[in-house]
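J.: Fold the stuff below for me.
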Amino acid sequence: MRPFATALNTVVLVASLAGLAHAQGREPLAQPTAVPLELAVGLAAAGGLGGTGDPQILVGSVPEWAARRIPAPAGGTIVGSAFLGSIVVAVLTAPTSDSSLRFYERELLRAGWRSPPVPPVYGGGFRPAATSPAARAQRSISLCSDAHYAIVSLGRQQAATTTLLVRLMTPPGAGGSCQPSQMPPESYRSPFPTLYNPPAAELLGTGSCSIANRSGSSGTGARYRAPMSPEAILDHYGRQLQDSGWKSSGLAGVTVNRTWARPDSAGRPQSLTISITSSPADSTCFDLQMNVERSGRP
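T.: Now for the predicted structure:
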């Protein structure tokens, strides 16, 4: 009963705020006297609009200027929206399926949207699996259209319908998702590629495993607990390195370190080595080190 009560309170709160704003005569459009539960829950899940001022709430539609940019999903409906300035949050429903988000992505691409350019990477090293593009894409997608930027995320999923939340905004200038800033000169770039840890990896502090620290290393490292063998971990990173042009020169199954090589942008040879040290007291606890070496001439 608590989730329903919370949602009902949200409806009452939104309707009350709308009535108060109407009584004060500050809004350019008439606010609805009642907000459907599905719309109130969706807007609450989408978060705030940001900025200051009273947002406008529309039931069953989106602002006219945004209507051509936010199509209703095939077989679904537009529940409503809230907007403030150039930011709109729309709540839509679509038939529930395992690919509801991807299905609507195709709808937007068909309507003229495009995927944002790949953002530049200024620093590399080991990153949590939850920050990988694949993990982020499971719950949301980002798209660009003209001077607008949209984030579409999954809301409440029921037996027959799935709620989709669309946030439409005008992106900032250089540095925005649709207009990423230029890469800095090579001398300022990290020599380490970005590698995402296995999903089962549990990050640990430096004193959590009985592994000797390697002082004076010029590489970068990580420490985590994972129910995997060192070879399986190297295979996990090897697949990512292979996708970005690195080639393995290590033998699998007999070593806990492996080396990959590729030329840099100037044609100079470079090699990358990942080494894994196991804790003698805990075979699931690993210390990882990544080192990159470059030759002085191509």
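
J.: downstream neighbour of the helix or strand that Y237 is a member of in the secondary structure list?
T.: Taking DSSP states H and E as the criterion, Y237 maps to helix 230-243. Remark: after helix 230-243, the chain's next helix or strand is strand 247-248, criterion DSSP H and E.

J.: Name every strand pairing with that next one and say which way it goes.
T.: Strand 247-248 has its sheet partners listed here by DSSP bridges as strand 257-263 (antiparallel).

J.: avg pLDDT for the strand it pairs with?
T.: In this model, strand 257-263 has an average pLDDT of 90.

J.: Tell me the buried residues in it?
T.: By neighbour count on 16 or more other C-beta atoms under 10 Å, the buried set for strand 257-263 is R258, T259, W260. Glycine gets a C-beta too; all of them are placed from N, C-alpha and C.

J.: Could I get the CA-only coordinates of it as CSV?
T.: The C-alpha trace of strand 257-263 is given here as CSV (Å, rounded to 0.1, in the frame of the first residue of the first chain):
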residue,chain,number,x,y,z
ASN,A,257,50.1,-11.3,-17.6
ARG,A,258,49.6,-10.6,-21.2
THR,A,259,50.9,-8.0,-23.7
TRP,A,260,49.2,-6.3,-26.6
ALA,A,261,50.8,-4.0,-29.2
ARG,A,262,49.7,-1.4,-31.8
PRO,A,263,51.3,1.7,-33.3
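
J.: which residues does the nearest residue to S295 once chain neighbours are set aside contact?
T.: Excluding the flanking residues, the one nearest S295 by C-beta to C-beta, 6 or more residues apart in numbering is P269, at 4.4 Å. By C-beta atoms under 8 Å, 6 or more residues apart in numbering, the contact set of P269 is A261, P263, R294, S295, P298.

J.: Most widely separated two among those residues?
T.: Greatest spacing in these, by C-beta to C-beta: A261 and P298 (13.6 Å).

J.: Could I get the contacting residues of G112?
T.: With C-beta under 8 Å, 6+ apart, G112 has these contacts: S145.

J.: How is it assigned, secondary-structure-wise?
T.: Secondary structure state of G112, per DSSP: H, G, I helix; E, B strand; the rest coil, is coil.

J.: hey, C-alpha coordinates of the helix or strand harbouring I141 in CSV?
T.: For I141, the host element (DSSP H and E) is strand 140-145. Provided in CSV are the C-alpha atoms of strand 140-145 (Å, rounded to 0.1, in the frame of the first residue of the first chain):
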residue,chain,number,x,y,z
SER,A,140,18.6,4.8,-21.3
ILE,A,141,19.6,6.1,-24.8
SER,A,142,20.8,9.6,-25.9
LEU,A,143,20.0,11.1,-29.3
CYS,A,144,20.6,14.4,-31.1
SER,A,145,18.4,16.3,-33.6
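
J.: contacts for that strand?
T.: 69, 101-102, 105, 108-109, 111-116, 149-154, 171, 177-178.

J.: ok, longest strand in this structure?
T.: Secondary structure assigned by DSSP state E gives strand 282-294 as the longest strand of the chain.

J.: tell me the mean pLDDT over it?
T.: Mean pLDDT, strand 282-294: 85.

J.: Partner strands of it, with direction?
T.: strand 220-225 (antiparallel), strand 269-279 (antiparallel).

J.: In CSV, list the ones you listed along with mean pLDDT and distance to S61.
T.: Listed next are the strands paired with strand 282-294 as CSV, based on pLDDT from 0 to 100; distance: least, C-beta to C-beta, whole Å:
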stretch, mean pLDDT, distance to S61
strand 220-225, 86, 48
strand 269-279, 87, 53
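
J.: quick one on the thing from earlier: buried subset of the contacts of strand 140-145, written for ChimeraX?
T.: With 16+ other C-beta under 10 Å as the criterion, this ChimeraX line picks the buried residues out of the contacts of strand 140-145:
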select :69,101,105,108,113,116,149,150,151,152,153,154,177,178
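
J.: rewinding a little: so which of the buried residues of strand 257-263 comes closest to G85?
T.: Using C-beta to C-beta, those come closest to G85 at W260, 48.4 Å.

J.: who touches the closest one in this structure?
T.: G238, L241, W246, K247, S248, S249, S271, L272, T273.

J.: Show me just the buried residues among these.
T.: Buried among those by 16+ other C-beta under 10 Å: G238, L241, W246, S248, L272, T273.

J.: of those, closest to L43?
T.: L241 (42.8 Å).

J.: Next, find the distance separating the closest one from T259.
T.: Applying C-beta to C-beta, to the nearest Å, the value for L241 to T259 is 10 Å.
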